[in-house]
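[1] Let's see this in three dimensions:
(one chain, ligands or ions: 2)
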Amino acid sequence: MSDDSRTVPQEQLPSDDLHPPPMPVINMGHLNLDPATRARVVEDITKACRDLGYFQIINHGISQSVMDGAVEAASDFFKLPSETKEEFASDDLRRPVRYDTSSKDGISMSRAYLKHYAHPLGEWMQYWPENPPIYRECMGNFAIEVRRVALQLMEAILEGLGLGKDYQHEKFEQGLQLMSVNCYPKESEGDTAIGLAPHSDYGFLTILFTSCRGLEVVDRNSNSWKVVQPLPHALHVHVGDHMEVLSNGKIKTVVHRAVLNPEEARISMASINGFAMHEKVSCARELVNEQNPEKYNASSFNDFLDYLTSNLENKHRNFLESLRMQGA
Ligand code: OGA
Ligand code: NI
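    Ligands and ions are numbered 1, 2, ... in the order given. Below you'll find the model as predicted:
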């Protein structure tokens with residue numbers, strides 16, 4: 001199955017730890033209040049997507065116990081003996097569950113990860129690890145909740161783009177959800193500090209839980225790496241390649257990476273949300289006109305996996321660029 005991301009060589013960019021990135025914080029509860037309040041939050045979300053491509057969400061309705069349960073399930077999985085985890089190891093990107101400890105990019109060498117589909121849960125859960133025994137239930141609860149949040153956010157963004165919140169509703173409802181569960185060691189001397197190489201995510205929206213600092217994003221304005229400081233009980237959201245395609249470039253994908261934390265080992269859980277495997281995403285007709293001609297060819301998650309499989313060793317692979325139309 002299921003690599004969610006494309007690598008982008010950006011190591012040469014400077015790190016700017018001194019100036020924290022602008023970080024919009026969206027109160028999700030306000031989306032369900034009166035129409036005027038909702039309209040303001042929709043505007044805030046759309047602005048964050050347009051200007052930055054990321055934001056954090058609070059009051060998202062996912063309980064602390066569901067988040068704690070998923071983190072515990074993830075950390076217990078990574079504590080298992082290698083042989084048990086290796087049962088899920090495979091070079092076949094189409095496997096429903098895949099475990100690995102390094103990447104073909106030769107950069108992300110210290111990360112261990114487990115990737116699996118999560119929607120529809122009834123279809124995929126049977127392939128998930130049975131060990132630790134809490135894994136299926138705890139990760140399943142988190143996956144359901146985080147997908148609910150992703151769909152709410154997607155509706156708000158579609159509304160903000162002027163497409164209406166029910167735009168292609170069925171395709172989003174039936175869309176895939178891919179969980180990328182990552183474990184990074186504490187930074188130690190001799191390690192490369194990069195846990196996960198620069199990339200952007202496949203899909204429309206990624207919602208990321210991170211147990212401590214380690215995520216960095218490219219800040220478009222200063223063209224430098226910025227450390228994301230997670231707020232308590234918040235989730236980080238960033239837009240992916242297919243959002244850029246759907247919005248015909250009005251909203252841009254975000255290049256990000258993970259660095260090792262010098263104080264502690266780190267768990268992160270990313271939920272990547274897209275259309276179903278064979279469903280093509282194309283630029284919304286409503287956003288194409290003479291001033292804004294169509295910029296990207298249509299593609300599906302299946303096309304993405306084909307692209308990755310045939311460019312596995314290519315460090316400069318860039319799925320989104322491969323979709324860009326000539327002259328656009
Ligand atoms: C990912 C990702 C970032 C992190 O899994 O695609 O970007 O902080 N993770 O682990
Ligand atoms: Ni990512």
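[2] For the residue in the stretch 51-200 of the chain that ligand 2 sits nearest to, identify the helix or strand it belongs to.
    In the stretch 51-200 of the chain, no residue comes nearer to ligand 2 than His199, which is 5.7 Å away by Cβ to the ion. In this view, the C-beta of every residue, glycine as well, is placed from N, C-alpha and C. According to DSSP states H and E, His199 maps onto strand 194-201.
[3] Export the next helix or strand after that strand to PDB, keeping only CA atoms.
    Downstream of strand 194-201, the next assigned helix or strand under DSSP H and E is strand 205-210. Coordinates of each C-alpha in strand 205-210 appear next as PDB, following Å, rounded to 0.1, in the frame of the first residue of the first chain:
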ATOM      1  CA  LEU A 205      -6.000  17.200   4.600                       C
ATOM      2  CA  THR A 206      -3.600  15.600   7.200                       C
ATOM      3  CA  ILE A 207      -4.500  15.700  10.800                       C
ATOM      4  CA  LEU A 208      -1.500  15.000  13.000                       C
ATOM      5  CA  PHE A 209      -1.200  14.200  16.700                       C
ATOM      6  CA  THR A 210       2.300  14.700  18.000                       C
END
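[4] so what secondary structure elements neighbour the next helix or strand after strand 205-210?
    Sequence order places strand 215-219 as the next helix or strand after strand 205-210, per DSSP H and E. Contact here means 3 or more Cβ pairs under 8 Å, 6 or more residues apart in numbering; DSSP states H and E; on that basis strand 215-219 packs against strand 224-227, strand 256-259.
[5] Quick one: mean pLDDT for stretch 30-48?
    Stretch 30-48 shows a mean pLDDT of 97.
[6] I misspoke; the intended subject was stretch 311-322.
    82.
[7] That stretch near ligand 2 at all?
    No: with Cβ under 5 Å from the ion as the criterion, ligand 2 is not reached by stretch 311-322; the gap is at least 12.6 Å.
[8] Span of that stretch from start to end?
    Terminal residues of stretch 311-322 are spaced 11 Å apart (Cα to Cα, to the nearest Å).
[9] Tell me if that stretch is near ligand 1.
    No: between stretch 311-322 and ligand 1, judged by Cβ under 6 Å from any ligand atom, nothing touches; the nearest distance is 13.2 Å.
[10] Can you list the buried residues in that stretch?
    Across stretch 311-322, burial judged by 16 or more other Cβ atoms under 10 Å covers 311, 317-320.
[11] ok now it, how far from the chain's centre?
    Distance of stretch 311-322 from the chain centroid (Cα atoms, centre = their mean, to the nearest Å) equals 18 Å.
[12] same question, stretch 199-218
    On Cα atoms, centre = their mean, the centre of stretch 199-218 falls 5 Å from that of its chain.
[13] End to end on that stretch, go ahead and measure it.
    First-to-last residue span, stretch 199-218, Cα to Cα: 10 Å.
[14] Help me see whether it makes contact with ligand 1, please.
    Yes: Stretch 199-218 is in contact with ligand 1 by Cβ under 6 Å from any ligand atom, via 201, 208, 210, 214-215.
[15] Now narrow those to whatever sits close to ligand 2.
    Applying Cβ under 5 Å from the ion to the residues of stretch 199-218 next to ligand 1, those adjacent to ligand 2 are Asp201.
[16] Highest neighbour count among the residues of stretch 199-218 next to ligand 1?
    Asp201 (27 neighbours; other Cβ atoms under 10 Å).
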